[in-house]
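**Student:** next come a sequence and a model predicted from it.
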Amino acid sequence: MATHCELGRFALEDFGAVRIAGADAVRFLQGQLSNDVTRLGPEQALLAGYHNPQGRTIALLRLAWLADGELLALLPRELAGAVAQRLSKYVLRAKVTVTDVSQEWRVSGLADADALEQAELVVLSREQLPGAHPYAQRRLGERLVLTAGGPSGRWLEVIPRTAAAPPAAPRESWRLLDVRAGMPQVYAATSEQFVAQMLNLDVLGAIAFDKGCYTGQEVIARAHYRGRVKRRAQRFCTDGALALAPGALGRLPDGRAFTVVDAARRPDGRCEFLAVTALPGEPPGADVETSPASVQAEPLDLPYVLPA
């Protein structure tokens, strides 16, 4: 007998989608993205970085398998068109098309109902949810459900926009869950700012160091094999009410300059945020070109361990 669970649904209307379709879809993406795209399958999703030649992250893509020769990449809608256009420049003779299909798909977040208050509830059976792998997926008719990565208990739901929009809680609530899970995102304001390891993509399973060449691989591999990464995404909470946004600059009480990766307001007005900054014990350095304002914030633990 199927066991059911109540999940909170969160509206992710700022998410878009890019479809990569054709006989060479997997082979094409294998030469463009940081993860091993050959691992994708009907029950296997992936998180992958799309990088420039300097190893800086253009976008983070949540890759899903729709059918043989048809893949879907989820990313912020504000980047979908530019990423589709940029990828298309490298198709050359490959049998593949890259298309911004954000208008065709609606993305929602699903989380255990006790994750946050005031989430609209949806009931699914445990058998309908993907497996325990951090990036698993399951197709349920027209609906696609993917694990969200990070700590368990969160999923992404992808449905055609032709279906009625289900009730959902505000985007900010899901953003707070992302910050607490240590899951980064790249937006227009931060595109091409961070090398892959600065976003902890190596820890989050978004880089395959044993695959062939891809754009930015040389820089990313050098950081992995030859040197310690001294600046990484870390989690903080402001002491008082404050609004921060991706790309915002600041300086911590200990002198470390930071750049915000993602941020969300808590019910008490304080702001929890992920920011790329020097690791504790490293010299503060001139992390940013300007002299940012001091932000009173305390460090918070991530649900994973950063490399020493």
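**Tutor:** Everything's here; your move. Numbers count the residues shown, from 1 in each chain.

**Student:** quick check: which ranges of the stretch 151-300 of the chain have low pLDDT?
**Tutor:** Within the stretch 151-300 of the chain, the set of residues satisfying pLDDT under 70 comprises 284-291.

**Student:** if we use 80, what do you get?
**Tutor:** 151-152, 227-228, 282-292 (pLDDT under 80).

**Student:** strands along that one, start to end?
**Tutor:** Assigned by DSSP state E, counting those that start in this stretch, the strands in the stretch 151-300 of the chain fall at 154-160, 231-241, 249-251, 257-265, 270-278, 297-300.

**Student:** what would these look like in a markdown table with distance to residue 49 and mean neighbour count?
**Tutor:** Every C-beta, even on glycine, is put in place using the N, C-alpha and C of the backbone. Formatted as a markdown table, these follow (distance: least, Cβ to Cβ, whole Å; neighbours: other Cβ atoms under 10 Å):
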| stretch | distance to residue 49 | mean neighbour count |
| --- | --- | --- |
| strand 154-160 | 18 | 21 |
| strand 231-241 | 13 | 19 |
| strand 249-251 | 23 | 20 |
| strand 257-265 | 13 | 23 |
| strand 270-278 | 14 | 24 |
| strand 297-300 | 24 | 16 |
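
**Student:** if I look at residue 87, how far off is residue 252?
**Tutor:** For residue 87, the distance to residue 252 (Cβ to Cβ, to the nearest Å) stands at 37 Å.

**Student:** ok, now residue 196?
**Tutor:** In terms of Cβ to Cβ, residue 196 sits 23 Å off from residue 252.

**Student:** so for those two, which residue has more residues nearby?
**Tutor:** Shown here are residue 196 and residue 252; by other Cβ atoms under 10 Å, residue 196 has more neighbours (25 against 21).

**Student:** and the spatially most central residue of the chain, what does it touch?
**Tutor:** Computing the C-alpha centroid of the chain and ranking residues by Cα atoms, centre = their mean puts residue 185 first, at 4.3 Å. Counting by Cβ atoms under 8 Å, 6 or more residues apart in numbering, residue 185 makes contact with 60, 76, 178, 246, 261, 262.
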